[in-house]
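K.L.:
let me see the structure of the following:
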Amino acid sequence: MRMRSVSPFQQLGELRDAVLDTLALERRRQPARGQAWQPPADLAVSDDEYIVLLDLPGVRREQVEATADDGVVRIRGVSAQPEEAADAQPLRSERPTGQFVRSVRLPTDADMSRISAKLAEGVLEIRVGRRRPKSSQVSIEIGQ
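P.N.:
Presented below is the predicted three-dimensional model:
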């Protein structure tokens, strides 16, 4: 009987895949009971505004509350388990459910009086205006 040899590089690749799979599951794992989870967020900037994007798949508008105060945008809400799966026993659960909360601090030139939000296709988009810096250039009269 002939033994099949396994390359150490193949073993290393299999070990790497197993570690990455384990880490991915840990990151997606539900928070402890009663703790809020944090949806992933992006912050972008344009000439006129800041844009905050949060992934909230399956969350309806009435399940989300957004507030802004002192340069911080706070989003909280609840993500419920889909109804079609409510009576089924989960074998694997990677999508977080329950209460969520996320705060995003904006730069000091954010104009909190110009803010809007929309929720479409599982993404909450919050737009906050930017204040234009006032020119500090002063004309200096030159005397004799």
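K.L.:
how about the strands in this protein?
P.N.:
41-45, 49-55, 64-69, 72-79, 98-105, 110-120, 123-130 (DSSP state E).
K.L.:
TSV for these, including mean pLDDT, distance to V138 and mean neighbour count?
P.N.:
Where you see a C-beta, it was placed from the backbone N, CA and C, and this is true even at glycine. Formatted as TSV, the strands of the chain follow (pLDDT from 0 to 100; distance: least, CB to CB, whole Å; neighbours: other CB atoms under 10 Å):
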stretch	mean pLDDT	distance to V138	mean neighbour count
strand 41-45	95	28	13
strand 49-55	96	29	18
strand 64-69	94	34	14
strand 72-79	94	34	18
strand 98-105	93	33	16
strand 110-120	95	25	14
strand 123-130	96	24	18
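K.L.:
how about those strands in JSON lines, adding distance to L15?
P.N.:
Shown next, in JSON lines, are those (distance: least, CB to CB, whole Å):
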{"stretch": "strand 41-45", "distance to L15": "32"}
{"stretch": "strand 49-55", "distance to L15": "31"}
{"stretch": "strand 64-69", "distance to L15": "41"}
{"stretch": "strand 72-79", "distance to L15": "34"}
{"stretch": "strand 98-105", "distance to L15": "34"}
{"stretch": "strand 110-120", "distance to L15": "42"}
{"stretch": "strand 123-130", "distance to L15": "36"}
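K.L.:
nearest to Q89, of the ones you listed?
P.N.:
With CB to CB, the closest approach to Q89 among the strands of the chain belongs to strand 98-105: 18.2 Å.
K.L.:
CA atoms only for that closest one - export them in CSV, please.
P.N.:
Output in CSV follows, covering the C-alpha atoms of strand 98-105 (Å, rounded to 0.1, in the frame of the first residue of the first chain):
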residue,chain,number,x,y,z
GLY,A,98,-31.9,42.5,18.2
GLN,A,99,-31.1,46.1,19.2
PHE,A,100,-28.4,47.9,17.4
VAL,A,101,-26.7,51.2,18.1
ARG,A,102,-24.0,53.2,16.3
SER,A,103,-22.5,56.6,16.8
VAL,A,104,-20.4,58.5,14.2
ARG,A,105,-18.5,61.6,15.2
